[in-house]
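starting from these lines, generate the structure:
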Amino acid sequence: MGNEAARRFFAEETVVTRKEEQQALFWCTLLHDVLFGDLSRAEIRRRLRDIAKHEVVFPDGTRGKPSVSTLWRKLRLYTQTGFESLARRKRSDRGKSRAASPEMIAKAIELKREQPKRSDRTLRRMLRAYYGRTLARSTLYRHLKVAGATRLKLGVTKTPVRKRWTRDHSNALWIGDFEDGPFVWENGEAQPTCLSAFLDVHSRYVVDGRYYLRENFDVLVDTLLRAWITNGLCEDLYADNARIYHAHALRCACYALHVDLLHRKPKDPPGGGAIERFFETVQGNFEAEVRAEDILTLDKLNRSFSAWLSVAYHDEVHSETKQTPRDRYQQGLRVIRPVDAGDILRFFMKREMRTVDRTFSDVRLDSRFYRVDPRLRGDRIWVHWDPFSSRETVLLYSLRDEYLGKGTLHHREEGIPAPDLPPRVKPAHSYLDLLVDLHEKSLAVASRGIDFVQAHSRRTWPFPAFVQTIARLLGRKGGLGAFSADEHELLKKSFDRVPEVTEPLLLEAVEHASAKTLPQILFSLQVLAKTRKES
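Predicted coordinates:
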């Protein structure tokens, strides 16, 4: 192609589209040997015949053999006018509608502008009423777009302008969801799994993730508790709008821990883009390798996933943050809010109402029997248990939420009643002697004052937590405000007398108390503490 032809090709009025360039490039490639070979006319004729014998794939995807006459015509066009002449000729009416008159198109634009929310169906129905015919949906939209008469151009679209989810420090926002995982070999058969994961949005660090055999509330809680206990509490928790994320227990726990629980809006998938992108990475980089090998057990799958997170994901530079998730998470930590597992587990305890069996003095849960205090036989009680434990013991509460003690797993034989209570014997500990001893100690304390510095220096459990626990065990609402001033004084004196008091010791004292009243519980606590000191 000469300079003049090249200038003509690149001129504005003769610029061809990419599709048209492909047409021209196809024919030039097919005729390459003829175009650039020093061939006689007879040799060109033979070469074109050879080309016509072979099947080729045309630019539009069809297969066929080009005719010799077509090859001669394309060769002549290239020789006379250059490369651009091999492209398919443009229509002279390109950009104009052949299905509708300008008047019809103008009417459609007018109808759209006067009521921007009119749908294409409404516009096409109105055009048919006016002109007896209508436009195709794609044709109508093309002309509306050129005229700036779409919903977006007219400013009435409801599509939100989004911004990328991020926070300026770690543990500010976690996002969680479920994703279908690979099959595993469990209980002699292949079973599907699901991946439950929570992601720190600031760093893209996975605070916890593991595979399970089911997708339910227990799985969600197990993953979330592991994440909270390991990494501390998050400020906001963003979850899907699924039913399990609206569970009563989850909402209560989040409010109690001052964690703002946010939910994705219905029919709004982009809101969960960060966790969805992580799941895509898991599927492409980890699960693809799992599926390529022999089927794994659930335990082996989770151990492999933990290794992949630690070695491959957390230590590789993230394409969005330009840092490794581990480094960015550590650098972004401000204040870690630790949490006690017991404080949050109580919100997720399962509970069922049961009647204590009069004969066997036990309660039944899922075909398992738990021995309880014989004094509760015939009573209607609440049975609480940890869904993530082996359930060797359960906790018992009255219908007024008073703690009644523990129930221990046992195997009863049908027809054998519970053993009788042991015969009454003289108590090993004299209540009267203890009262005299306590009275003398209280007088001594009153005469010399209480050394609070010494008392608090040995404390491992703060007094407010002690009071709140007793209030909960007695079924009283309000925490510290559940007791009167006299009761607070009694609680403080008992707390000071038993510096080694802990929650397990207090639970044991409640179980041994002759009556579930505050004086009896505190008395039982002092007896237990004294007994342990002497032993």
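
SS state for residue 237?
Here residue 237 is strand, with the state taken from DSSP: H, G, I helix; E, B strand; the rest coil.

for it, what are its contacts?
173-174, 176, 224, 254, 259-262 (Cβ atoms under 8 Å, 6 or more residues apart in numbering). Where C-beta positions appear, they are placed from N, C-alpha and C, glycine not excepted.

what residues are bridge-paired with it?
Beta-bridge partners of residue 237, counted by DSSP bridges, are residue 174, residue 261.

quick check: phi and psi on residue 476?
For residue 476, the backbone dihedrals are phi -90, psi 140 (criterion: degrees, to the nearest 10).

wait, isn't it in contact with residue 487?
No - in this structure, residue 476 sits apart from residue 487 without contact. The criterion is Cβ atoms under 8 Å, and the distance is 10.0 Å.

so after the helix or strand bottoming out on mean pLDDT in the chain, what's the next helix or strand?
Confidence across the helices and strands of the chain bottoms out at helix 452-457, with a mean of 41, counting by mean pLDDT, DSSP states H and E. Going down the chain from helix 452-457, the next helix or strand is helix 463-473, by DSSP states H and E.

what about that following helix, distance to the chain center?
For helix 463-473, the distance between its averaged C-alpha position and the chain's averaged C-alpha position is 34 Å (Cα atoms, centre = their mean, to the nearest Å).

please name every helix or strand in contact with it.
helix 485-497, helix 503-512, helix 518-534 (3 or more Cβ pairs under 8 Å, 6 or more residues apart in numbering; DSSP states H and E).

the shortest one packs against which elements?
The one in question is helix 503-512. With contacts defined as 3+ Cβ pairs under 8 Å, 6+ apart, the secondary structure elements packing on helix 503-512 are strand 403-410, helix 463-473, helix 518-534.

can you add mean pLDDT and give the ones you listed back as CSV?
Listed next are those as CSV, based on pLDDT from 0 to 100:
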stretch, mean pLDDT
strand 403-410, 86
helix 463-473, 84
helix 518-534, 85
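
in three-state terms, label residue 339 for me.
Reducing the assignment to helix, strand or coil with three-state DSSP, the entry for residue 339 is coil.

count of neighbours near it?
Residue crowding around residue 339 was assessed by other Cβ atoms under 10 Å; the count is 17.

so it makes contact with residue 230?
No - in terms of Cβ under 8 Å, residue 339 does not count as a neighbour of residue 230; the distance is 10.1 Å.

need the helices for the stretch 201-350 of the chain, in chain order.
Across the stretch 201-350 of the chain, reading from the start of the chain, the helices by DSSP state H, counting those that start in this stretch fall at 217-231, 248-256, 273-281, 288-292, 298-308, 325-331, 341-345.

circling back to that earlier point, can I get the helices and strands packed on helix 503-512 in TSV including distance to residue 104?
What follows is the helices and strands packed on helix 503-512, written out as TSV (distance: least, Cβ to Cβ, whole Å):
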stretch	distance to residue 104
strand 403-410	81
helix 463-473	76
helix 518-534	88
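
for the one helix or strand residue 28 maps to, which positions count as buried?
Mapping residue 28 onto the secondary structure by DSSP H and E places it in helix 18-30. Buried residues in helix 18-30, counted by 16 or more other Cβ atoms under 10 Å: 20-21, 23-24, 26-27, 30.

and what of stretch 248-265?
By neighbour count with 16+ other Cβ under 10 Å, stretch 248-265 contains the buried residues 250, 253-254, 257, 259, 264.

straight-line length of it, end to end?
The first and last residues of stretch 248-265 sit 19 Å apart, counting by Cα to Cα, to the nearest Å.

what's the answer for stretch 473-491, then?
End residues of stretch 473-491 are separated by 14 Å (Cα to Cα).

contacts for that stretch?
With Cβ under 8 Å, 6+ apart as the criterion, stretch 473-491 contacts 397-398, 400-403, 464, 466-468, 470-471, 506-507, 510, 516, 518-519, 521-522.

check stretch 346-355 too.
Contacts made with stretch 346-355 from outside it, assessed by Cβ under 8 Å, 6+ apart, are listed as 221, 225, 249-250, 252-253, 256, 363-365, 378-387, 395, 397, 399.

returning to that earlier point: with mean neighbour count and distance to residue 57 added, can I get the helices and strands packed on helix 503-512 in JSON lines?
Formatted as JSON lines, these follow (neighbours: other Cβ atoms under 10 Å; distance: least, Cβ to Cβ, whole Å):
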{"stretch": "strand 403-410", "mean neighbour count": "19", "distance to residue 57": "74"}
{"stretch": "helix 463-473", "mean neighbour count": "18", "distance to residue 57": "77"}
{"stretch": "helix 518-534", "mean neighbour count": "16", "distance to residue 57": "89"}
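
so which of the ones you listed gets nearest residue 323?
Of all these, the one in closest proximity to residue 323, counting by Cβ to Cβ, is helix 463-473 (39.5 Å).

now the closest one against helix 518-534, angle please.
Here helix 463-473 points in a direction 120 degrees away from that of helix 518-534 (axes from the mean of the first three to the mean of the last three Cα atoms, to 10 degrees).

now do the helices in the stretch 51-200 of the chain.
Taking DSSP H, counting those that start in this stretch as the test, the helices found in the stretch 51-200 of the chain are 68-81, 102-114, 120-131, 137-146, 151-154.

about what we covered before: so what secondary structure elements neighbour the helix holding residue 28?
With contacts taken as 3+ Cβ pairs under 8 Å, 6+ apart, helix 18-30 sits against helix 68-81.

what's the neighbour count on the spatially closest residue to residue 233 that is not a sequence neighbour?
Closest residue to residue 233 in three dimensions, ignoring its sequence neighbours and counting by Cβ to Cβ, 6 or more residues apart in numbering: residue 337, at 4.1 Å. Using other Cβ under 10 Å, residue 337 has 14 neighbouring residues.
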